[in-house]
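**Student:** show me how the following folds:
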Amino acid sequence: MRTVKYFLLIMTYALSGALLISYLSVWIPPDRFWIPAFFGLAFPYLFMANLILFVYWLLRLEKVSAVILIVMLLGWNNVKHYYRIPIKNREKIDNGGGFTVTTFNVRSFNVYAWSPDVRKDEQIVWFLKKIKPDILCLQEFYTDEKRFPEKKIIEELNYPYHYISYINQYHSHSYGLAVFSRFSLLNKKSLCFDESSNQSQLCDVIIGKDTFRLFNNHLQSTSLNKQKVPLNYLDEEGEALREVKDISLHLRGAFIKRAKQTKMLKRYIEQSPYPLLICGDFNDTPVSYTYKKLSRGLKDAFVESGRGLGKTYHGIFPSYRIDYILHDPRWKARQYKTYHNGLSDHYPVSCVLIKVRKGSER
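**Tutor:** Okay, the predicted model is just below:
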C-alpha cells in the first residue's frame, strides 16, 4: 500500500506541475520554445485529472490536497473559457445600434466529400440564408466555376457588400476567406502568411456614424486527418508509435507557424485607429499564446454570453473551442449561440453585439 501511495504522490505532483506549465504556455511564444504549448493544449484534461486527485487526497485527509487546490485556483480563470454557466446580466444596454455577427469555417463547402452527404455546399448556403447575420465571416471559402461559382454564392447570400480574398487560385477553383456584410466595407486588405495556405483579412465596417475594424482570420491548421490518428498504440511493428511522433511533429510545426502569424497579425491590430472586431478560426485553444495575444484588451463573446461547453470543432483532433468572436469593450455580447448542425468539421458561432450605454460601463 505504501508503494501505491508513493506512486500516486509522484503522479499528483507531476500532474500539478504539468498544469502549472499549461498556465505559463500562454506567455511563451512557441516559435521560441514550443514544448509548453502541448501542455496548454492539454489544459482541460490536466485540470480534470488534478480535480480527481484533489477529491481523492481530500477524502484521505492528506495535506497534498491543499497543494492541488492552490494549483487549480491559480488557473481557475481559464475554466470559464471552456464552460459557462448562464448568469443573468443586469447591466443596462442600448438596444439601438446592435448587430449580429457569425463566423463559420465551411471546410471548402464539403467539395472533397468530407462527410457522406456530398451536397453540403447547398445546405451550408441555405443555412446562412436562414440565419442571415448582419456580418458574416467565412473561412475555407471555396468556389468552383463549374460546380459552385463565386457569382452563384454571392447572388444566393444576397448581401449588399462583400470582400473575398483567395490564397490559392487554380484554373477553375479558388480557396480563401470571405466577409459578407449589410454595412459598407472600406480599406479591404488581405494579410498573407509566409509558407502557409492560411491568411487573414481586414476591412473597416461603417455603421451609421461609427467605424470599426474587422479582422477575419484563419490561422495555421494542424492538418491532421483520420489516417494520422493511431487507434492501436501497442502494435507489434511500432507503426502506431511512429504515427504518434508524426502527430507531434504536425502539432509542433503548427504551434510555431501560428506564433509567427499571431505576431504579424497583432502588429496590424495595434495599428488600427478604430475599435476592433476579431473573428474566425484560430486553430488554437483558449489556453494558448495565440488566444492570449489576440484577445488582449478585448472581450470574448462566449465568455460574456455563452453557455455550456464552448466546443466549436468536432473533427478528429483537437476537439476544442478554436473559433472566436472577440470585440471591443464598448460593445456587449448577447445571445451567443453555437449551431450544432454538422455541416462542417467546425460549428458556426454567432452573437449580437450591442453598444454599452454611456455611464453604465464598469
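**Student:** so which strand or helix has residue 37?
**Tutor:** Here residue 37 sits within helix 35-41, counting by DSSP states H and E.
**Student:** how's the protein carved up into domains?
**Tutor:** 2-79, 99-355 (automatic domain parsing).
**Student:** using a markdown table, lay out those together with distance to residue 85.
**Tutor:** Bear in mind the C-beta positions are built from the backbone N, C-alpha and C, glycine included. A markdown table is the format used below for those (distance: least, C-beta to C-beta, whole Å):
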| stretch | distance to residue 85 |
| --- | --- |
| domain 2-79 | 10 |
| domain 99-355 | 7 |
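**Student:** can you say which of those domains is packed in most?
**Tutor:** Of all these, domain 99-355 carries the top mean neighbour count, a mean of 18, counting by mean count of other C-beta atoms under 10 Å.
**Student:** state the mean pLDDT of that domain.
**Tutor:** Mean per-residue pLDDT for domain 99-355: 88.
**Student:** and what of stretch 69-83?
**Tutor:** Averaging pLDDT along stretch 69-83 yields 95.
**Student:** figure out the helix or strand that residue 175 lives in.
**Tutor:** Using DSSP H and E, residue 175 maps to strand 173-181.
**Student:** next, the angle strand 173-181 makes with the next helix or strand after that strand.
**Tutor:** For strand 173-181, the succeeding helix or strand toward the C-terminus, using DSSP H and E, is strand 184-192. Computed by axes from the mean of the first three to the mean of the last three C-alpha atoms, to 10 degrees, the angle separating strand 184-192 from strand 173-181 equals 140 degrees.
**Student:** which residues touch strand 184-192?
**Tutor:** For strand 184-192, the external contacting residues (C-beta atoms under 8 Å, 6 or more residues apart in numbering) are 161-163, 165, 167, 176-177, 179, 199-206, 264-265, 268.
**Student:** and what of stretch 142-156?
**Tutor:** 106, 108-109, 111, 121, 125, 129, 162, 164, 172-175.
**Student:** now the end-to-end length of it.
**Tutor:** Counting by C-alpha to C-alpha, to the nearest Å, the length from the leading to the trailing residue of stretch 142-156 is 15 Å.
**Student:** kindly export stretch 68-81 (C-alpha atoms) in PDB.
**Tutor:** Extracted C-alpha coordinates of stretch 68-81, given in PDB (Å, rounded to 0.1, in the frame of the first residue of the first chain):
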ATOM      1  CA  ILE A  68      -3.500  20.700  -5.600                       C
ATOM      2  CA  LEU A  69      -6.200  23.200  -4.600                       C
ATOM      3  CA  ILE A  70      -3.800  26.100  -4.800                       C
ATOM      4  CA  VAL A  71      -2.600  25.000  -8.200                       C
ATOM      5  CA  MET A  72      -6.100  24.700  -9.500                       C
ATOM      6  CA  LEU A  73      -7.100  28.100  -8.100                       C
ATOM      7  CA  LEU A  74      -4.200  29.700  -9.800                       C
ATOM      8  CA  GLY A  75      -5.700  28.700 -13.200                       C
ATOM      9  CA  TRP A  76      -9.400  28.800 -12.300                       C
ATOM     10  CA  ASN A  77     -10.000  31.800 -14.500                       C
ATOM     11  CA  ASN A  78      -9.200  29.600 -17.500                       C
ATOM     12  CA  VAL A  79     -12.100  27.300 -16.800                       C
ATOM     13  CA  LYS A  80     -14.700  29.900 -17.900                       C
ATOM     14  CA  HIS A  81     -13.200  29.900 -21.400                       C
END
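**Student:** how distant is that stretch from the center of its chain?
**Tutor:** Chain-centre distance of stretch 68-81: 21 Å, with C-alpha atoms, centre = their mean, to the nearest Å.
**Student:** in the chain, which residue is closest to the centre?
**Tutor:** For the chain, the residue sitting closest to the mean C-alpha position, by C-alpha atoms, centre = their mean, is residue 322 at 2.1 Å.
**Student:** ok so, going back, what pairs with the strand holding residue 175, and is each one parallel or antiparallel?
**Tutor:** Sheet pairing of strand 173-181 (DSSP bridges) gives strand 135-144 (antiparallel), strand 161-169 (antiparallel).
**Student:** would you mind giving these as a markdown table with distance to residue 30 added?
**Tutor:** Output for these, formatted as a markdown table (distance: least, C-beta to C-beta, whole Å):
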| stretch | distance to residue 30 |
| --- | --- |
| strand 135-144 | 21 |
| strand 161-169 | 22 |
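**Student:** among those strands, which comes closest to residue 353?
**Tutor:** Among the strands paired with strand 173-181, the nearest to residue 353 by C-beta to C-beta is strand 135-144 (9.0 Å).
**Student:** which stretches of the chain form strands?
**Tutor:** 83-84, 99-105, 135-144, 161-169, 173-181, 184-192, 199-207, 210-218, 276-281, 299-300, 308-309, 323-327, 331-338, 349-355 (DSSP state E).
**Student:** would you turn the ones you listed into TSV with distance to residue 27?
**Tutor:** Below are these laid out as TSV (distance: least, C-beta to C-beta, whole Å):
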stretch	distance to residue 27
strand 83-84	23
strand 99-105	26
strand 135-144	27
strand 161-169	30
strand 173-181	29
strand 184-192	24
strand 199-207	23
strand 210-218	21
strand 276-281	20
strand 299-300	18
strand 308-309	26
strand 323-327	19
strand 331-338	26
strand 349-355	26
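**Student:** that concludes my questions; thank you for your assistance.
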